[in-house]
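**Q** Provided below for reference: sequence and predicted model.
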Amino acid sequence: MKKTEKEQAAWLIAVSGANPGACMRCGRCTAACPVAGEMDIKPHHFASFLLHGQAGALLQSQSIWVCLSCMACSERCPRGVDPARLMEAVRQGAVRPRGETHLSPDDVPALLQEDMPQQALAAAFRKYRK
């Protein structure tokens, strides 16, 4: 059975474990984001879209692929909303129905650079695995 957009939004909120209802849309998360200028939907709008049952726009957004998973947005949030978790949940919601896996563990050694921080590697797995 196909979920309605509101059901998808509720599922994404539940999967994220974040509390979008606490968002006061101050924009600090967007101000902290190093790639916000490249996003079609800014981090501070994710909570609002989900609360209003507009999961479809988020699932089609290019922002979920532009996000660096650097967690700067979550660090700056004064209300503990954790926009990075919302972004990750939407990314999972977009990838899972397609059954895609973009990055396999066997592909990783060829992509590594000696000075790459471990956080970047963990973020890549979260971003490119279902």
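**A** Yep, that arrived. Residues are numbered from 1 along each chain as shown.
**Q** any weak-confidence spans in the protein?
**A** 1-2, 98-105, 108, 111-113, 116-119, 121, 124-130 (pLDDT under 70).
**Q** the residue nearest to the spatial centre of it sits in which helix or strand?
**A** Centroid-nearest residue in the chain, with CA atoms, centre = their mean: Met87, separated by 1.6 Å. Per DSSP states H and E: Met87 is located in helix 83-95.
**Q** mind giving me the packing neighbours of that helix?
**A** Using 3 or more CB pairs under 8 Å, 6 or more residues apart in numbering; DSSP states H and E, the elements in contact with helix 83-95 are helix 5-16, helix 43-51, helix 55-60, helix 63-66, helix 72-76, helix 118-128. C-beta here means a position set from N, CA and C on the backbone, and glycine is covered the same way.
**Q** in a markdown table: those, plus distance to Cys33 and mean neighbour count.
**A** Below are the helices and strands packed on helix 83-95 laid out as a markdown table (distance: least, CB to CB, whole Å; neighbours: other CB atoms under 10 Å):
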| stretch | distance to Cys33 | mean neighbour count |
| --- | --- | --- |
| helix 5-16 | 17 | 18 |
| helix 43-51 | 5 | 23 |
| helix 55-60 | 16 | 18 |
| helix 63-66 | 9 | 19 |
| helix 72-76 | 5 | 19 |
| helix 118-128 | 14 | 14 |
